[in-house]
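S.K.: the amino acid sequence is not available; the structure is as follows:
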């Protein structure tokens, strides 16, 4: 993709400071751009910006570019970068930190949608039944109809039960999912 | 040996074969897995809010009743381990406990079932249960989250526990350079093309080793490599035909347990040829 030049006006220091206060962002100021994260990443070739670039962009406070990049959503959470970073930066946790912030800034994509559906199913039933997840996600993703033969193949083996797996009592999860509890990692 | 058991959601769905093999094999090994009552999902990799995610795992750990919490799933295992580390922060811990009915004080020890067998029981003890040596070659595939990010039970770069387990069953673990490379499972629904590309790399490399099967420890890896194998073959116009076997199924076969009891007829990639080669 075409990358724009960085001008002073595109820098948002408040954003940088916010991220640096999170557990996933704590060590970002120490990054020396060695690139072992990008080299270890199994999917960096599909990212707008590699993890290395993203860390640098946070140092520079490039809020808009960071939050609208596909990098944070393509990350498979494999933690290869995190166990190798010589500065202890944990780029994987950084991606996890950025996801809810991007969503609260109105970023919409398939991954954000899936995560929203997933959290909603867990909040209501306490479990992640594959069939319920996929059905709910497919409502707004008509392309998922292509997966129907795959679903049927799983069903034929008894691997995709239509009955919804639930906790006997999921009420206890209400407090866990309460909005007031969310986003606290950026407060510290 | 007794553990609190946290099966995780996949055991009630796509990993029914894993569940069957775990139940049979652990019963016969005399390892008691007491299922946690009213357990909840760990949030996998899709509950993005950190406090919520940690609280989901803290609730599970609190329900462990002082026993080690054993789980068959790499995702659950990783979330439980990460929650313990995150809760060293007292501010977060207080906040999480504020949302829990049963407070979690820390101290519960999460264990993957592979660790239970290899470390707690020990391979010499396991070997006593082996009825016949499996004369096959197997790819040891660990995936990501068994050893990352916590790096407690085995090396995140070159783990050996599954290799050693395969040897203890009389089989030969082949050299496999992708043993901890990501299978793409977490992005299967949302970025299928990319997910299949990752699975293809693993499968092609596994095929090249000349192995008879690939051994996995995670229901997500199994879904990706077994259930999606046909999609990989179609997309890249290649033939793989590689049986993907849960490590508990492999143990079961060596113990002389009937393949059907281990759920081996429930895979999408046929396992018959592999089973007969393994001497059943």
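M.R.: Now that the structure is in, tell me what you want to look at. No experiment lies behind these values; they were computed from the predicted model shown.

S.K.: shaky segments in chain A?
M.R.: Within chain A, the segments meeting pLDDT under 70 span A:1-4, A:179-188.

S.K.: one more time with 80, if that's ok
M.R.: Scanning chain A for pLDDT under 80 picks out A:1-9, A:179-188.

S.K.: what residue of it is the furthest out?
M.R.: Residue farthest from the centre of chain A, counting by CA atoms, centre = their mean, is residue A:156 at 32.5 Å.

S.K.: roughly how far does it sit from residue B:221?
M.R.: 21 Å (CB to CB, to the nearest Å). Every C-beta, even on glycine, is put in place using the N, C-alpha and C of the backbone.

S.K.: the closest residue to chain A within the stretch 151-280 of chain B and residue A:12, how far apart?
M.R.: For the stretch 151-280 of chain B and chain A, the shortest gap (CB to the nearest CB) falls at residue B:182, measuring 3.8 Å. Counting by CB to CB, the gap from residue B:182 to residue A:12 is 32 Å.

S.K.: again with residue A:115
M.R.: 24 Å.

S.K.: now the element after the helix ranked longest in chain A, going C-ward?
M.R.: The residue-count maximum for a helix in chain A (DSSP state H) belongs to helix A:110-125. As assigned by DSSP states H and E, the chain's next helix or strand after helix A:110-125 is helix A:130-139.

S.K.: packing partners of that next one?
M.R.: Judged by 3 or more CB pairs under 8 Å, 6 or more residues apart in numbering or on different chains; DSSP states H and E, the packing partners of helix A:130-139 are helix A:110-125.

S.K.: so residue B:77, which state does it fall into?
M.R.: helix (DSSP: H, G, I helix; E, B strand; the rest coil).

S.K.: please name the nearest non-neighbouring residue to it.
M.R.: residue B:112 (4.5 Å; CB to CB, 6 or more residues apart in numbering or on different chains).

S.K.: who touches residue B:54 in this structure?
M.R.: The contact partners of residue B:54, taken as CB atoms under 8 Å, 6 or more residues apart in numbering or on different chains, are B:82-83, B:86-87, B:92, B:96.

S.K.: cool, residue B:65 as well?
M.R.: Going by CB under 8 Å, 6+ apart, residue B:65 touches residue B:4.

S.K.: coming back round to it: just give the nearest non-adjacent residue to the residue of the stretch 151-280 of chain B closest to chain A, would you?
M.R.: Distance criterion CB to CB, 6+ apart; nearest residue to residue B:182, sequence neighbours excluded, is residue A:78 at 3.8 Å.

S.K.: I'd guess that neighbour is in a helix, am I close?
M.R.: No - using three-state DSSP, the assignment for residue A:78 is coil, not a helix.

S.K.: wait, it touches residue B:149, no?
M.R.: No - assessed by CB atoms under 8 Å, residue A:78 is found out of contact with residue B:149, at 9.5 Å.

S.K.: next, show the common contact partners of the two.
M.R.: Residues touching both residue A:78 and residue B:149 by CB under 8 Å, 6+ apart: residue A:92.

S.K.: among the two, which residue is more densely surrounded?
M.R.: With neighbours defined as other CB atoms under 10 Å in any protein chain shown, residue A:78 and residue B:149 compare such that residue A:78 has more, 27 against 22.

S.K.: dump the residue contacts of the residue nearest to residue B:102 when sequence neighbours are not counted.
M.R.: The shortest distance from residue B:102 to any non-neighbouring residue, by CB to CB, 6+ apart, is to residue B:62 (4.6 Å). Counting by CB under 8 Å, 6+ apart, residue B:62 touches B:100, B:102-105, B:108.

S.K.: any idea how far chain A is from residue B:62?
M.R.: According to CB to the nearest CB, to the nearest Å, residue B:62 and chain A sit 11 Å apart.

S.K.: check what pLDDT that residue gets.
M.R.: We have a pLDDT of 96 for residue B:62.

S.K.: re earlier: more crowded one of residue B:182 and residue A:12?
M.R.: Legend: neighbour count by other CB under 10 Å for residue B:182 and residue A:12, higher for residue B:182 (28 against 15).

S.K.: what's the distance between the more buried one and residue B:50?
M.R.: Residue B:182 is 21 Å from residue B:50, by CB to CB.

S.K.: next: residue B:273.
M.R.: Note on residue B:273: its distance to residue B:50, by CB to CB, is 46 Å.

S.K.: look at those two and report which has more neighbours.
M.R.: For residue B:273 versus residue B:50, neighbours defined as other CB under 10 Å are more numerous around residue B:50 (25 against 11).

S.K.: surely that one is in contact with residue A:97?
M.R.: Yes - contact criterion CB under 8 Å: residue B:50 and residue A:97 qualify, at 7.2 Å.

S.K.: would you map the helices across the stretch 151-280 of chain B?
M.R.: For the stretch 151-280 of chain B, the helices defined by DSSP state H, counting those that start in this stretch occupy B:161-168, B:192-208, B:219-222, B:229-236, B:247-254, B:272-277.

S.K.: briefly note if the last one comes near chain A.
M.R.: Think helix B:272-277. No - Helix B:272-277 lies out of reach of chain A by CB under 8 Å from any CB of the partner chain, never closer than 14.5 Å.

S.K.: mind giving me the packing neighbours of that helix?
M.R.: Of the remaining helices and strands, none touches helix B:272-277 by 3+ CB pairs under 8 Å, 6+ apart.

S.K.: repeat that for the second one.
M.R.: Packed against helix B:192-208, as judged by 3+ CB pairs under 8 Å, 6+ apart, are the following elements: strand B:213-216, helix B:229-236.

S.K.: present the ones you listed as CSV; the columns should include mean neighbour count and distance to chain A.
M.R.: Converted to CSV, the helices and strands packed on helix B:192-208 look like this (neighbours: other CB atoms under 10 Å in any protein chain shown; distance: least, CB to the nearest CB, whole Å):
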stretch, mean neighbour count, distance to chain A
strand B:213-216, 27, 15
helix B:229-236, 17, 7
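
S.K.: what would those look like in a markdown table with mean pLDDT?
M.R.: Below are these laid out as a markdown table (pLDDT from 0 to 100):
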| stretch | mean pLDDT |
| --- | --- |
| strand B:213-216 | 98 |
| helix B:229-236 | 98 |
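
S.K.: quick one, which of the ones you listed gets closest to residue A:60.
M.R.: Among those, the nearest to residue A:60 by CB to CB is helix B:229-236 (38.6 Å).

S.K.: list the contacts of stretch B:128-137.
M.R.: When contacts are defined by CB under 8 Å, 6+ apart, stretch B:128-137 is touched by residues B:28-29, B:168-174, B:209-213, B:250, B:253-256, B:274, B:277-279.

S.K.: try it again with 10 Å
M.R.: With contacts defined as CB atoms under 10 Å, 6 or more residues apart in numbering or on different chains, stretch B:128-137 is touched by B:25, B:28-30, B:121, B:127, B:166, B:168-174, B:209-213, B:243, B:245, B:250-251, B:253-257, B:274-275, B:277-280.
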